[in-house]
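Undergrad: Predicted coordinates and the sequence they were generated for:
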Protein chains: 2
Amino acid sequence: MIPSFNFTQIPHIIFGPGRLNDLYEFILKFGKNLLFVIGENSLKRSGKWGQIESDLDQKSLQYSLINISGEPSPLLIDNSVKEFRNKNIDLVISIGGGSVIDTGKAISAMIPKKDTIKNYLEGVGDKIHDGKKIPFIAIPTTSGTGSEATKNAVISEVGPNGFKKSLRHDNLIPNVAIIDPELMISCPQSITAACGMDAFTQLLEAYVSPKGNPITESLAFSGLKFMSKNLLRASSTDSTDIKVRTSMAYGSLISGITLANAGLGIVHGLASSIGGYFDIPHGIVCGTLLAEATKMNIKRLNYNKLIGGKALRKYANVGALIAGKNIADEENINDYCSILTNTLDNWIDQLELDRLGKYNINLEDVDKIISKTGIKNNPVSLKKEDIRDIVINRL
Amino acid sequence: MIPSFNFTQIPHIIFGPGRLNDLYEFILKFGKNLLFVIGENSLKRSGKWGQIESDLDQKSLQYSLINISGEPSPLLIDNSVKEFRNKNIDLVISIGGGSVIDTGKAISAMIPKKDTIKNYLEGVGDKIHDGKKIPFIAIPTTSGTGSEATKNAVISEVGPNGFKKSLRHDNLIPNVAIIDPELMISCPQSITAACGMDAFTQLLEAYVSPKGNPITESLAFSGLKFMSKNLLRASSTDSTDIKVRTSMAYGSLISGITLANAGLGIVHGLASSIGGYFDIPHGIVCGTLLAEATKMNIKRLNYNKLIGGKALRKYANVGALIAGKNIADEENINDYCSILTNTLDNWIDQLELDRLGKYNINLEDVDKIISKTGIKNNPVSLKKEDIRDIVINRL
C-alpha cells in the first residue's frame, strides 16, 4: 500500500542550456534591489559574471555582491546579514556551487531575524525558524548538492567542537531554480567527480529510504538512470559535452527534490559528523564512503530479507540500470546488488577519490566520529561496529 | 538529450487515509476567516461534513459556505465573488470533486479582481490574470481531474455559443492539497469509473506528450502503474478497499502534476469542444473517446516511425505495465500497443461508459465539434478526418 506522505513544494524550475537568460524575467517579478552571492572561482571559470554584470547595468538594476569561497560558517552568515539587514533587499540570488547556494539561502532567511544563525541551527540552537525570508533564486554551477531544490542550508564550524548542521524550513526551498548546464561545462574534473558522487549518493540514499513514497522513488530512479550513465564521462573525457553535463545537472536537481522529501542515510550521517571535525570537501566524504556503506547496508539487509526485501530490490534495480537493464528480475537480486557495489568501487578508483587519511583522519578519530553519527533514514539499522567498519575501510 | 523545460511549483501535498485531520494545522497558518466551497452530494455521502462543522465550531473558526452542484459557469463564479469580495476572506477551501475544486480555485483568484471571470478565460476574454489570489486549499473527494495539483480552473458555459475554457496562471496551483482516500470510499461506482478514466487519460496523454521531460515521464509512468492495476477494482468489487482507493487517489494527483507540466492531447482537445456544446460529464467524454483516440495516434505514429518511435515506445510501455511487465522490449512494441488498446476497449465495455449519442450528439454535430477542436500536445499531428473518425466511432 502507498504509505502516508507529505511532499513539500518544489522551486519553479527552469532547466536547460542557455536558460540563465531567463533570470531577468524573474528579477522583474520580485523587485529591483538585488543581492548576489557568488562563488568567484566558478563564475570566473565560466566567464559568465562579466556578462551578467553588463546585463544588469544595461537594465539599470541595482545590486550588491557577496563573493565567497569555502563552506559557509555562522560568522560568514551573521556578518553578511548585518551588512544587508537594513538595505531593503528585494531578492537574493546565488550563483555557484552548493556552498554558495546554501550561503544565499541562509542569508535570505536570516535578514528578517535579529540574532545569530546559530540559534536556529538543528542540534545547535534552540529556536525554530518560522520560514519568513527574502525571495531567493538559486543558480547552481556544479552538479552536486541539489541545494537548488532543498529546504535546508548546511552551515559548518570546523574544529574540536565543530559541527555541520542545517537551518531548515519548508519555506526555505528556493522560489526559483535556474539550472543551466552551460555554467557547469568549465567545472574541473576533480570537482565534477566529487560533486557527482555527492549527488549520486543523495539519489541512492533517497531511493532506498524507508521514508520514501512513489513520487520520490520514481524521481530518484529517473535521476539515477541519467547519472549512472554520465558520471564517469562528465568527470573525464566528455566534460565539455553539453548532453553529458545536462544529464548530470538533471540528476543533481532530482537528488535535491528527493532528499528533501525522503531523507538520506548513513553516508550523509557520517558526512555530517566528519565534516564537523575535519576540513574535507563534502563530495569527497560521500564519494569515498559510498561503496563501503552500500556493501554494509546490503549485508545487513540480507540478514533479514523479510524486512529488507524491498530495499534489496531497489539496490538491485540500480545495479540493473548500470547493467543496461530497466529493472532487476526477482531471481537475480544478489547479482545485481554486486554489480552496483563493484561499479561504485570502480568509480572510486577511476575518479581517484581521496581516502579519509589524506585529511588527517586517523584510527583514533573514529570513535568520536561515530559518537556523533546518526543513521538518518538508512534502509536498515546499523550497529556501531558496522559504522566503524565503513569508516576504517576508507581511512 | 534532456530537453529544455520549465516545471512549475506543486502544492504542499498531504497524502494518506485520515489526513483530512491535518487541515486545521494549515488553517491556522493562513488566517481565521474561511470560505468553504463544497459539493453537497459528495460530502453528504462520505458523512464528513458534519464532523468538519463541529470541529470548526469547537475551534471557534468563522466560516462561510458555498454549496455547489454541476460544473462551474462564469455566472456562478461572478455571483460568489460578488458576495464575498468585501468580507476579508483569508483562505478558500474546496472539498469535493473536480468542479468543486475548480470553483474554489476560480473564486480565490477572482476575489482580488473587480470584473467578470469571462474577461480572463483563455480564448474568451482578452485580459491575462496576474496570479494574485486568496490562499487556497484543495481537498478532492473523487480521483479524477487532478485539479488539486493544477494551475487552471475549467469554466463552462453550455449552449450554441458554449465553451469550456480555463482561467490559468502558475500561481493558481493550490497552496496545499490534502488527499485523503477515505473521502473517496463512498464515491459511487459510475462516478468512480468516469473520474478514473479522466485521470487515466490525463496520465497517458501527459506521458506521451512531446512537451514532456524526464520528471513528467517518470511521474506519469508511476501514476499509470498504480491506476492501471486499480481502475476496474475501484469501480466495482473493491470500491471500499482503502488500498485500491489510495492507489487511485495517487494516480489522480500525479495526473494533475503531469498535465500541468506536459500538457494533454487530442482526447482533451475534444473534451473541451464537446463539453462546450453539450451537457456531458467530462470523465465520460474522456473515457468514451480514449481507446479510439489511442488507436488513431498509434496508427499515425506507425506511418512515420522515425518521428514516432519514442511515443510508440511509451504506448508500448503502458501496454507492458498492463501485461505485468516493467517495460516493453524493443522487439514487441506493436504487441504491447495492442495490449494497451484492447485493454482500453475492454475497460470501456466493463465500465459501461456511455457513447456520445446518449447525450444527443449526432452525426450532424461532428463538423462543428471538430472546427473547435485543438489537438493540444498530441504526440502526432492528426488530420480533420482522423479526428472525425475518432468521434464517429463513439457516437
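TA: Structure received. No experiment lies behind these values; they were computed from the predicted model shown.
Undergrad: what's in contact with the helix or strand hosting A:Lys29?
TA: Assigned by DSSP states H and E, A:Lys29 belongs to helix A:23-30. Residues outside helix A:23-30 that contact it (C-beta atoms under 8 Å, 6 or more residues apart in numbering or on different chains) are A:34, A:52, A:55, A:59, A:61, A:90-91, A:93, A:135, A:137, A:139, A:175-176, A:178. All C-beta spots, glycine's among them, are computed from the backbone N, C-alpha and C.
Undergrad: Mark which of these are part of strands, please.
TA: Using DSSP state E, the members of these that fall within strands are A:34, A:91, A:93, A:137, A:139, A:176, A:178.
Undergrad: and of those residues, the nearest to B:Thr246?
TA: Among the ones in strands among the contacts of helix A:23-30, A:Val176 lies closest to B:Thr246 (C-beta to C-beta), at 32.8 Å.
Undergrad: quick revisit: what's the most distant pair in the ones in strands among the contacts of helix A:23-30?
TA: Taking C-beta to C-beta, no two of the ones in strands among the contacts of helix A:23-30 sit farther apart than A:Leu34 and A:Ile178, at 14.3 Å.
Undergrad: higher neighbour count, these two?
TA: A:Ile178 (25 against 19; other C-beta atoms under 10 Å in any protein chain shown).
Undergrad: Backbone torsions only: list them for the spatially closest residue to A:Phe5 that is not a sequence neighbour.
TA: Of all residues not flanking A:Phe5 in the chain, A:Asn213 sits nearest, at 3.9 Å (C-beta to C-beta, 6 or more residues apart in numbering or on different chains). Dihedral pair for A:Asn213: phi -140, psi 170, per degrees, to the nearest 10.
Undergrad: I'd say A:Asn213 and A:Gly263 touch.
TA: No. Look at A:Asn213 against A:Gly263 with C-beta atoms under 8 Å: they stay out of range, at 11.4 Å.
Undergrad: And A:Asn175, how far from chain B?
TA: Taking C-beta to the nearest C-beta, to the nearest Å as the measure, A:Asn175 falls 9 Å from chain B.
Undergrad: now do A:Asp126
TA: Relative to chain B, and taking C-beta to the nearest C-beta, A:Asp126 is found at 22 Å.
Undergrad: For that residue, grab phi and psi.
TA: According to degrees, to the nearest 10, A:Asp126 has phi -120, psi 10.
Undergrad: for it, what are its contacts?
TA: Per C-beta under 8 Å, 6+ apart, neighbours of A:Asp126: A:Asn119.
Undergrad: Let me know the distance separating it from A:Asn171.
TA: Taking C-beta to C-beta, to the nearest Å as the measure, A:Asp126 and A:Asn171 are separated by 20 Å.
Undergrad: repeat for A:Met110
TA: 13 Å.
Undergrad: do the same with A:Asn119
TA: Distance from A:Asn119 to A:Asn171, by C-beta to C-beta: 18 Å.
Undergrad: Same question for A:Ile333.
TA: A:Ile333 is 41 Å from A:Asn171, by C-beta to C-beta.
Undergrad: Those two - which one has more neighbours?
TA: A:Ile333 (21 against 15).
Undergrad: Next up, the contacts around that one.
TA: So A:Ile333 contacts A:312-313, A:316 (C-beta under 8 Å, 6+ apart).
Undergrad: just A:Pro188 next, same as before
TA: Contact analysis of A:Pro188 by C-beta under 8 Å, 6+ apart lists A:Arg45.
Undergrad: re earlier: for the ones in strands among the contacts of helix A:23-30, give me CSV that also has pLDDT.
TA: Shown next, in CSV, are the ones in strands among the contacts of helix A:23-30 (pLDDT from 0 to 100):
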residue, pLDDT
A:Leu34, 97
A:Leu91, 97
A:Ile93, 98
A:Ile137, 98
A:Ile139, 97
A:Val176, 97
A:Ile178, 98
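Undergrad: With respect to B:Ile185, which of these is nearest?
TA: Of the ones in strands among the contacts of helix A:23-30, the one sitting nearest to B:Ile185 (C-beta to C-beta) turns out to be A:Val176, at 39.3 Å.
Undergrad: Looks like that closest one contacts A:Arg19 (just checking).
TA: No. Contact criterion C-beta under 8 Å: A:Val176 and A:Arg19 do not qualify, at 10.9 Å.
Undergrad: which of these two has more neighbours?
TA: A:Val176 (24 against 20).
Undergrad: what sits against the more buried one?
TA: A:11-14, A:26, A:137-138.
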